[in-house]
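Peer 1: model this:
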Amino acid sequence: MQAVVYRGTDKMVVENKPKPKIIQDTDAVLRITSAAICGSDLHMYEGRTDVEQGKTFGHEIMGVIEAVGSAVQQIKVGDRVVLPFNVACGYCYNCLRGFTSACMTMDESPGAAYGYADMGPYEGGQAEYVRVPFADFNALKLPGKPFDEHEDDFLMLADIFPTAYHAAMLAKVTTGIPTAIFGAGPVGLLSVMSAKILGASDIYLVDHYKTRLDKGKEMGATPIDMNNGDPVQQIRDLRAKSPQTEALRDGESILTTGVLAGIDAVGYQSHDQDDMSKEDHTQVIDHLSELLLPTGAMGLIGVYMPADPGEKGPAAEGKYLLPLGTLWNKGITIGMGQCPVKKYNEQLRDLIIAGRANPGTIVSHHINIKDAPEYYKRFDNREEGVTKVVIQFK
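Peer 2: Sure thing, here's the model as predicted:
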């Protein structure tokens, strides 16, 4: 079969690999119809992790079941399914409590995933086929047929739609809550969609790429362009004019011109506000610590690596200087970590079926597998308009 394979920093190639087989009786083999390139794949592509050469990338995967092991009961050959990026057993202490992102049996450390550094030996799905461990637990059945009107929507259930929804839950977004989202990449854009589903009032989306901000505006957010100055002050100025703020007793106070929910959809590779050519690992956390009102909540869904070979000093070991005093003084709640996709994917699937959500709207490109190396480069270069790339296997 053909697969997209990592061959060193900034180098992806399409190679022939053996088609996966049933290893355990609980396995299935999936014939892939669509697989996406994720922003978190770029951390590995750029050499910012210790992923080994020869790994097939890809953790956003859907398709049709090709074969099942003798112990698989619910999933049948011919079923159309999407896979959570979490590879989970379903029976360990964490899985039983709903934390499939921290499964204790599928890797040496809590949590496993397809085609990802330090998350087990599982091959990714940017390929024609993939092995699915514990298929009954991990595969989510889908209605319809491959490449119908919901192909892109359903693919987003593998990772970024549940991840964005999880970010909104971590930030305690609920009815009437003003919300700020930093990062207008795929997860940031779907955080806008998730915040709207959860009933947020004003939603502010911060980035410095025009096409991404335009898409966010189309989805219902107020765009905040970092090129126009301090995003915190821009949002405060808008909040000061908001009828919601004017209804408060002390509408001119800085304590009423922030937001109650904040989402970091950027992570440790955030840009320095003063020099966009440089990174400032805690830039978003610093901004949110200023912007959040007392008793607000922050969801850190952008990736923060425990080790970063691309850095020096404490940051190389995942150690960052945080404004803990400000956060403590305000009583800010902070939630973080990878999304337990199975906690949300069924209900989000049903929102798609009901016409209440269309996460596939963020997909910008459909490509053939042979074009994957080129689009890794274009996506990594943050080329305008390259928002979400889907490899299709027709």
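Peer 1: pull out the buried residues from the lowest-mean-pLDDT helix or strand in the chain.
Peer 2: Across the helices and strands of the chain, the lowest-confidence element by mean pLDDT, DSSP states H and E is helix 243-246, at a mean of 75. Residues of helix 243-246 classed as buried by neighbour count (16 or more other C-beta atoms under 10 Å): residue 245. Placement of C-beta: from N, CA and C, glycine included.
Peer 1: so after that helix, what's the next helix or strand?
Peer 2: Downstream of helix 243-246, the next assigned helix or strand under DSSP states H and E is strand 259-264.
Peer 1: how far off centre is that following strand?
Peer 2: In this view, strand 259-264 has its centroid 17 Å away from the chain centroid, taken as C-alpha atoms, centre = their mean, to the nearest Å.
Peer 1: I'd like the average pLDDT over it.
Peer 2: Averaging pLDDT along strand 259-264 gives 97.
Peer 1: pairing partners for that strand, with directions?
Peer 2: If you go by DSSP bridges, strand 259-264 pairs up with strand 179-182 (parallel), strand 292-300 (parallel).
Peer 1: count of residues packed around residue 265?
Peer 2: 29 (other C-beta atoms under 10 Å).
Peer 1: so where do the helices sit in the stretch 201-350 of the chain?
Peer 2: Assigned helices in the stretch 201-350 of the chain, in chain order: 210-218, 231-240, 243-246, 283-291, 324-330, 345-353 (criterion: DSSP state H, counting those that start in this stretch).
Peer 1: state the mean pLDDT of stretch 38-50.
Peer 2: The pLDDT scores in stretch 38-50 average 92.
Peer 1: mind checking the SS state of residue 115?
Peer 2: For residue 115, the assignment made with DSSP: H, G, I helix; E, B strand; the rest coil gives coil.
Peer 1: where does the closest residue to it other than its chain neighbours land in three-state SS?
Peer 2: Nearest-residue entry for residue 115: residue 124, 1.9 Å, with adjacent residues in sequence omitted and distances by C-beta to C-beta, 6 or more residues apart in numbering. When classified by three-state DSSP, residue 124 comes out as coil.
Peer 1: so how far is residue 35 from residue 124?
Peer 2: Using C-beta to C-beta, to the nearest Å, one gets 8 Å for the distance from residue 124 to residue 35.
Peer 1: show me where pLDDT drops low in the stretch 201-350 of the chain?
Peer 2: 247-255 (pLDDT under 70).
Peer 1: can you rerun that using 80?
Peer 2: 244-256, 309-310 (pLDDT under 80).
Peer 1: buried stuff in stretch 338-346?
Peer 2: By neighbour count with 16+ other C-beta under 10 Å, stretch 338-346 contains the buried residues 338-345.
Peer 1: same check, this time on stretch 2-18
Peer 2: Buried residues in stretch 2-18 (16+ other C-beta under 10 Å): 2-6, 12, 14.
Peer 1: strands - which of the residues you listed land there?
Peer 2: Of the positions in the buried residues of stretch 2-18, 2-6, 12, 14 sit in strands, assigned by DSSP state E.
Peer 1: and the buried residues of stretch 2-18, which two are furthest apart?
Peer 2: Within the buried residues of stretch 2-18, 2 and 6 form the most distant pair, 14.8 Å apart (C-beta to C-beta).
Peer 1: and residue 139, backbone torsions?
Peer 2: phi -90, psi 130 (degrees, to the nearest 10).
Peer 1: model confidence score at the closest residue in space to it that isn't next to it in sequence, please.
Peer 2: Counting by C-beta to C-beta, 6+ apart, residue 139 lies nearest to residue 81, which is 4.0 Å off, once chain neighbours are set aside. pLDDT for residue 81: 98.
Peer 1: and the helix or strand hosting residue 81, what does it pack onto?
Peer 2: Element membership for residue 81, per DSSP H and E: strand 80-83. Strand 80-83 sits against strand 61-68, strand 140-141, with contacts defined as 3 or more C-beta pairs under 8 Å, 6 or more residues apart in numbering; DSSP states H and E.
Peer 1: deepest in the core, which of the ones you listed is it.
Peer 2: Mean neighbour counts were compared across those using mean count of other C-beta atoms under 10 Å; the top stretch is strand 61-68, at a mean of 22.
Peer 1: that one pairs with which strands, and in what direction?
Peer 2: Counting by DSSP bridges, strand 61-68 is paired with strand 28-37 (antiparallel), strand 80-83 (antiparallel).
Peer 1: can you name the next helix or strand after the first one?
Peer 2: Next along the chain after strand 28-37, taking DSSP H and E as the criterion, comes helix 41-45.
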